[in-house]
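In: Mind folding the following:
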Amino acid sequence: MKLLTAVLLACLIGCGEPPRLELLPAGSTVLAFGDSVTYGTGAKPGQDWPTLIGQASSWQVINAGIPGDTARQARSRLAPLLQEHQPALVIVELGGNDFLRKSQPSKVKEYLRDILTQSQASGAITVMIAVPRLSLLRASAGALKDSELYAELAEETGVLLIEDVFSKVLSDDSLRADQVHPNAQGYRQMAQGILQALASAGLIETGLK
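Out: Model prediction:
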């Protein structure tokens, strides 16, 4: 059933239609797979976006964020997590550290593609959070934009893309703990944006409590 849902999602996006899925029941396992922004660096424990999403949805959200992780490194740790937890939904937030290390965008895109392919092959509904390429000038002007490779990957793979949420947070001084991490208020805004995107896809009805 999960595999069928993932295939239907790919078809809907590939055909240019907004994806519409069935509600994901309370208690469903969700894997938040990412770096320090998933882990919650910059805020206190329990203020990270995976925890907030779990509280709002009653899903069992597993925070698999590792500070400093890159998309290149993360590819090798996903398969054991998928096998252990068998999530119904995987939310991927990666690429920022690859950009900071000046990896070629084409390489970052292929690393992310590998992660998305692994997730989709498991039968999980797969969602990707777009990440901006860090520009101190754009950040200071409040004008960070998502890297274009995320929209390209979403179109090519059929995953659900959450756009502009992270970029808007990092563009706002009041929502940042530092140049690359949200603060508690920023994580709350990220969680709200993610939930709104998931609600638009039909996976959830509730907003952030």
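
In: all helices for the chain, in order.
Out: Ranges of helices in the chain, per DSSP state H, are 2-14, 36-39, 49-57, 71-85, 96-100, 105-121, 136-140, 148-157, 165-170, 184-200.

In: helices and strands of the chain: which one has the lowest mean pLDDT?
Out: helix 2-14 (a mean of 43; mean pLDDT, DSSP states H and E).

In: Report the residue spans of this protein with pLDDT below the cut-off.
Out: The model of the chain has pLDDT under 70 over residues 1-20, 135-142, 206-209.

In: Tell me, how many residues neighbour A26?
Out: Using other Cβ atoms under 10 Å, the number of residues around A26 comes to 11. Any C-beta I mention is one placed from the backbone N, CA and C, and that applies to glycine too.

In: V127 versus the nearest residue in space to it that is not next to it in sequence, what's the distance?
Out: Leaving aside its chain neighbours, A26 sits nearest to S58 (3.7 Å; criterion: Cβ to Cβ, 6 or more residues apart in numbering). Distance, S58 to V127, using Cβ to Cβ, to the nearest Å: 18 Å.

In: okay, those two: which has more neighbours?
Out: V127 (26 against 13).

In: what residues are up against the more buried one?
Out: V127 sits next to L89, V90, I91, V92, V159, L160, L161, I162, A197, L198 when contact means Cβ atoms under 8 Å, 6 or more residues apart in numbering.

In: Surely the second one is in contact with T117?
Out: No. With contact defined as Cβ atoms under 8 Å, V90 and T117 do not form a contacting pair (11.6 Å).

In: burial of the residue lying closest to A143 once chain neighbours are set aside, as a residue count?
Out: Spatially, and ignoring its direct neighbours in sequence, A143 is nearest to S171 (6.2 Å; Cβ to Cβ, 6+ apart). Counted with other Cβ under 10 Å, residues neighbouring S171 total 19.

In: Which of the residues in stretch 158-168 are classified as buried?
Out: Neighbour counts using 16 or more other Cβ atoms under 10 Å place G158, V159, L160, L161, I162, E163, D164, V165, F166, S167, K168 of stretch 158-168 among the buried residues.

In: cool, stretch 69-78 as well?
Out: D69, T70, A71, R72, A74, R75, L78.
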